[in-house]
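[1] Would you be able to build a 3D model of this:
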Amino acid sequence: MTPISFREVFVIIHNLDQSDLEQAGVINPGANGGSDWRRFNSDFGTFVLKLPSERLDKLVGLIGGRRPRESAAPAVRLAFFDGEDRSGEVC
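    Have a look, this model is predicted:
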């Protein structure tokens, strides 16, 4: 895995919405009053660590299905995802 492909995974995760996760079977619609969705947004690491293996497989499949194919043309690099360290910048 390259740094760019690693970042792509986070771009995909960041762009998932509740309906994507429900349709893929990662979270149940309205489960626990929506706590799965809140946990996904507020503490993604804990959300993943607590997912049962069947639902984790579905999340991995959802992410994998949105990743660019290796045979596809190289993705255009967006200026805000150019690999530069901007951790010290103020938004």
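
[2] Summarise which helices and strands the helix ranked longest in the chain is packed against.
    When the chain is parsed with DSSP state H, its longest helix is helix 53-66. Helices and strands touching helix 53-66, by 3 or more C-beta pairs under 8 Å, 6 or more residues apart in numbering; DSSP states H and E, are helix 3-14, helix 18-24. For glycine as for every other residue, the C-beta is placed from the backbone atoms N, C-alpha and C.

[3] tell me which residues of the shortest one are tucked away?
    Going by neighbour count (16 or more other C-beta atoms under 10 Å), the buried part of helix 18-24 is Gln18, Leu21, Glu22, Ala24.

[4] Identify all contacting residues around the helix-or-strand element of the chain with minimal mean pLDDT.
    Within the chain, judged by mean pLDDT, DSSP states H and E, the helix or strand with the poorest mean is helix 35-42; its value is a mean of 88. Contact partners of helix 35-42, identified using C-beta atoms under 8 Å, 6 or more residues apart in numbering, comprise Leu16, Gln18, Leu21, Ile27, Asn28, Thr46, Phe47, Lys50.
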